[in-house]
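Participant: Provide a 3D model corresponding to the input given below.
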Amino acid sequence: MGRSIVGKILEAHLKEGALVVGNEIGIRIDQTLTQDATGTMAYLQFEAMGMKEVKTDISVSYVDHNTVQVGFENADDHAYLQSVAARYGIVFSRPGNGICHQVHLERFGKPGTTLLGSDSHTPTGGGIGQIAIGAGGLDVAVAMGGGLFYLTAPKVYKVNLTGELKPWVTAKDLILKMLEILTTKGNVGVMLEYGGPGVATLTVPERATITNMGAEMGVTCSIFPSDAETRKFLKAQGREKDWVELCADADASYDRVIDIDLSALEPLAAAPHSPGNIKKVSEIAGLAVSQVCIGSCTNSSYKDLVTVAKILKGKKVSPSVSLGIAPGSRQVLAMLAKEGYLADLIDSGARILESACGFCIGNSMSPGSGSISVRTVNRNFEGRSGTKDAQVYLTSCEVAAVAALEGRLNDPRKLGIDYPSVNMPEKYLIDDGMFIFPTAVPCDCEVKRGPNIGEPPRNDRMPENLSGVAMIKVGDKITTDHIMPAGARLKYRSNVPKYSTFVFENVDPDFPSRCMKAKESGVGSIIIAGESYGQGSSREHAALCPMYLGVKAVVAKSFERIHAANLVNFGILPLTFADPADYDKISQGDELAIDSVASALSGGKVALRNKKTGDVINCKADLSERQRMIVLAGGLLNYTKGN
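Facilitator: Next up, the predicted model:
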C-alpha cells in the first residue's frame, strides 16, 4: 500500500508510538516559531524548565502582534524576547519585519520538515510542503529543548483538485468552499492533503492561503505537494537548495476523498460571526460597507497586494469607506514600493499599515458601532475586531478591493472590470537585515525583564478527590477570543495575575472575581460548556489564566484540539459528557465532585456528582497515559521538572 505525503513525513519523524489512527504518537520537531503574544510565556517556560539552548534545526521568535507601543509593556516584552533569543540561540525577527507565517514561508519554510508554532495559523507552512502545526507555547518550549511533540495519529483526507480558477475566483474562495463542506467542527484529529491536477495551477502563496485557513475547520494541519511550483518559489527566494520533491504514492489510501473542480467555484464570503457561515457574494451583493481591511497572514502576499494595487490604480476609494492595507512582510512592502504599486495604493486613498497582525486581532482599525467591515483575514468571531456589534465579512482581496471602490459588497464578475494579470517574481527582494541571528555559541548575556514580566505560575497537583463550583455555563462554539480577549488587553500577556482579571470579559465580566473568591476559600472552579469549546487561536493564556483563577476542570460536549491540549498542559481536566443531553443537568452555581480522580482517569470514565441535584453524570476523559500523568501532576511544567 502506498503512502500519503502526511504518512511519509510523520514516519520520517516518528519517535514514539505506532502510526495507527487514534494512537498517541511523539514526533521530532525540526523548526519552531513563536510570536510575541504567546512567545513571552513560551520562553519563560523554556527558562523555567532549565533549558540551556535550543536543539531544533532553527527556532524563530517573531514580533508581529503587539507592535503598537502604547505604554511600556510591549517595549519591555520585545526587549525580553530579543535578549532571551540571543541567550538561547534563537533567531529574532524585529518588529516591522512582518507576520510570522508570511515571513517564515518566505525565508525558512522547508518541504518535508516539521514546524511547531505557538500560533494556530502555523499550518500556513503546509503551502510549502511542511507538516506545520499550531500548539500552545508550553508544547513549543518543550520542542525547542529537544522534546517530542505528542499528537493523535491522524485521519488523512485527500482534497482532489481539478480544473483551474477562473478570473475573480481565488484560493480564498477555495478554502471558504472547504469550510462550507467540512464546517468549523467535527474535524479534530484530521490532516488535509491536497492533490490532483489542479494543484499545479496554484502558486505557493495561494497554497499558503488555503493551508492557513484550514485551522478554521479544526484540522491539525493541511499540506500541499512539493513540486515544480514549490521549487520556483524557493529559487526566487534564493533558497533552491531547500527544495525536495514530495508527492503521494499513486496507490496511497485516504480516510476520505473530497473532489473540488476549481473552475466551478465562484466568489464566496464568510458572513458574521463564523468563518463557516459561507455565502455566495452574488447573494449578499449590495450590502453597504464602511470599512475594508486587506492583509493578515491569510492574504498579504506579493501576488495578493499587487492584484489589489492594479484594481485600485487610477481610482479612488469610496468616500464612505476607510481602507487599510497591511503587507504581510517587509519584503512584500519593499517590493510594492520599488515597483510603484505602493504609490498606486496611496493614490487611491488607502491607509498603509505596518506589516503586522494589527486589525485581525483588534489591535487597529476597529470598526464603527454596528457597521460592516469587509476583511481578508481568517476569523470573524464576534468582538474579535475590537467592536462587539460590528458585522465582519471575510472575502478575497479582489472582492475586498472592489468593495472599497464601490462602497458596497459586490460580485466583481458582474461589474465589467478586467481581471488584473500578475506575474510571480523570478527573484524576490531579499534583505534579512531585520533578523538578528544568534551566534554559533549562545551568548552568556543578561535576559532583560521589565516590571510587566513575571514568572510563569505553577499549578498544584490534582487533589485525590476533586470538588468545585460550576462557576460559569456557556454554550456552543466558545472561542479562545471569548475566553481570553486580545486587542487592548494583549499587553498584559506576560503578567498573568493582571491578564487573568479579563477572563471571559465579554461573556461574564464577574467570572474572575467569583473564581478568586472561591480560590481564596479553598474551593475550585469548574467550567461547563457546549460543542467545540476552545475554537480559534492557540493562545495558551485561555488555559493558563483560568488555571491561575483556580479552575480545575472543564466539562464540555466537545473540545477543539489545541485548547484541549493546553488545558492538559496546565493541569486542568478536560471532560466530555458521555451523553450531551446531560449538559442540561448542570446549572451555574451547582457544586460538583469527582471521587478518586486518579483511578477514575485510568479507566477513562468519570462519574461527576452534582451535589445540589443528586444527579450522577457520566463523562469521558479522552486522555493518553502520558496526558493522565500530566493532569495529575498539575501540568506539563510540573511533570517535566519531576521527570
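
Participant: Would you mind confirming that Met547 is in contact with Phe570?
Facilitator: Yes. At 4.3 Å, Met547 counts as touching Phe570 under the criterion of C-beta atoms under 8 Å. C-beta coordinates here come from the backbone N, C-alpha and C atoms, glycine included.

Participant: which residues are common contacts for the two?
Facilitator: Common contact partners of Met547 and Phe570 (C-beta atoms under 8 Å, 6 or more residues apart in numbering): 459, 635.

Participant: and those two? which has more neighbours close in?
Facilitator: Ranked by neighbour count (other C-beta atoms under 10 Å), Met547 and Phe570 place Phe570 first, with 29 against 25.

Participant: wait, what's in contact with that one?
Facilitator: 138, 459, 540, 543-544, 547, 635-636.

Participant: please redo it, this time with the cut-off set to 6 Å
Facilitator: 543-544, 547, 635 (C-beta atoms under 6 Å, 6 or more residues apart in numbering).

Participant: With Ala288 instead?
Facilitator: Counted by C-beta under 6 Å, 6+ apart, Ala288 has contacts Arg408.

Participant: Give the bridge partners for it, please.
Facilitator: Arg408 (DSSP bridges).

Participant: Just the buried positions in the longest helix belonging to the chain, please.
Facilitator: Ordering each helix of the chain by length in residues (DSSP state H) puts helix 73-88 first. Neighbour counts over helix 73-88 (16 or more other C-beta atoms under 10 Å) mark 73-78, 80-88 as buried.

Participant: which residue is nearest the middle of this protein?
Facilitator: The residue lying closest to the centre of the chain (C-alpha atoms, centre = their mean) is Ser120, at 1.8 Å.

Participant: Which pLDDT value goes with that one?
Facilitator: Ser120 is assigned a pLDDT of 93 by the prediction.

Participant: again, but for Asn643
Facilitator: 58.

Participant: swap in Glu283?
Facilitator: 97.

Participant: Look up the residues forming beta bridges with Ile58.
Facilitator: Per DSSP bridges, the residues bridged to Ile58 are Gln31.

Participant: Return the distance of it relative to Pro438.
Facilitator: 10 Å (C-beta to C-beta, to the nearest Å).

Participant: got it, and Met547?
Facilitator: In terms of C-beta to C-beta, Met547 sits 32 Å off from Pro438.

Participant: just checking, which of the contacts of Phe570 belong to helices?
Facilitator: Judged by DSSP H, the subset of these located in helices is 543-544, 547.

Participant: how near is the residue nearest to the centre of the chain to Lys338?
Facilitator: Taking C-beta to C-beta, one finds Ser120 at 33 Å from Lys338.

Participant: can you list the ones in helices among the contacts of Phe570 in CSV and add pLDDT?
Facilitator: Below are the ones in helices among the contacts of Phe570 laid out as CSV (pLDDT from 0 to 100):
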residue, pLDDT
Ala543, 96
Leu544, 96
Met547, 97
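
Participant: Out of these, flag the one nearest to His13.
Facilitator: Ala543 (26.0 Å; C-beta to C-beta).

Participant: What's the local residue count around that closest one?
Facilitator: 30.

Participant: Next up, the contacts around it.
Facilitator: Ala543 makes contact with 566-567, 570, 572 under the criterion C-beta under 6 Å, 6+ apart.

Participant: swap in Thr170?
Facilitator: Taking C-beta under 6 Å, 6+ apart, one finds Ser396 in contact with Thr170.

Participant: can you tell me how far it sits from Ala309?
Facilitator: Thr170 is 16 Å from Ala309, by C-beta to C-beta.

Participant: and what of Ala215?
Facilitator: Taking C-beta to C-beta as the measure, Ala215 falls 28 Å from Ala309.

Participant: Neighbour count: those two, which is higher?
Facilitator: Ala215 (30 against 25).

Participant: State the distance from the residue nearest to Lys498 when sequence neighbours are not counted to Thr613.
Facilitator: Using C-beta to C-beta, 6 or more residues apart in numbering and skipping the chain neighbours, the partner closest in space to Lys498 is Tyr492 (4.6 Å). Look at Tyr492 and Thr613: by C-beta to C-beta, they are 38 Å apart.

Participant: Which one of the two is surrounded by more residues?
Facilitator: Tyr492 (18 against 13).

Participant: Now do the same contact list for Thr298.
Facilitator: Per C-beta under 6 Å, 6+ apart, neighbours of Thr298: 209, 212-213, 378.

Participant: run the last query once more with 10 Å
Facilitator: 99, 101-102, 121, 124, 171-172, 175, 208-210, 212-213, 215-216, 304, 328, 360, 375-379, 394, 396-397 (C-beta atoms under 10 Å, 6 or more residues apart in numbering).

Participant: Ok, Ile258 next?
Facilitator: The contact partners of Ile258, by C-beta under 10 Å, 6+ apart, come to 157-161, 177-178, 181-182, 192, 194.

Participant: Show me which of those is closest to Asn410.
Facilitator: Among the contacts of Ile258, Lys177 lies closest to Asn410 (C-beta to C-beta), at 19.6 Å.

Participant: per-residue pLDDT, that closest one?
Facilitator: 98.

Participant: Please report how far the closest residue to it other than its chain neighbours lies from Asp173.
Facilitator: Of all residues beyond its chain neighbours, the one nearest Lys177 is Leu265 (5.9 Å), with distances taken as C-beta to C-beta, 6+ apart. Computed as C-beta to C-beta, the Leu265 to Asp173 distance reads 5 Å.

Participant: And for Asp481?
Facilitator: From Asp481 over to Asp173 (counting by C-beta to C-beta), the distance is 25 Å.

Participant: the more surrounded of those two?
Facilitator: The neighbour count for Asp481 versus Asp173, taken as other C-beta under 10 Å, is higher for Asp173 (26 against 22).

Participant: For the stretch 251-400 of the chain, just list every one of the strands.
Facilitator: Along the stretch 251-400 of the chain, counting by DSSP state E, counting those that start in this stretch, strands occupy 256-261, 268-270, 278-280, 291-294, 322-325, 351-352, 372-375, 391-394.

Participant: residues of stretch 173-185 that come out buried?
Facilitator: 173-179, 182-185.

Participant: Any stretches of the protein with poor pLDDT?
Facilitator: 69, 642-643 (pLDDT under 70).

Participant: switch to 80 and redo it
Facilitator: Along the chain, the parts satisfying pLDDT under 80 run over 68-71, 363, 441-442, 487-488, 490, 538, 641-643.

Participant: Quickly list the domain ranges of it.
Facilitator: Per the record, the chain has its domains at 5-264, 268-414, 466-642, by automatic domain parsing.

Participant: And those: which comes nearest Asn423?
Facilitator: domain 268-414 (8.9 Å).

Participant: Quick check: end-to-end length of that closest one?
Facilitator: Distance across domain 268-414, first residue to last, is 14 Å (C-alpha to C-alpha, to the nearest Å).

Participant: Identify the residues contacting Val523.
Facilitator: 467-469, 471, 515, 517, 550, 552, 591.

Participant: Return the member of those residues nearest to Thr230.
Facilitator: Lys552 (46.7 Å).
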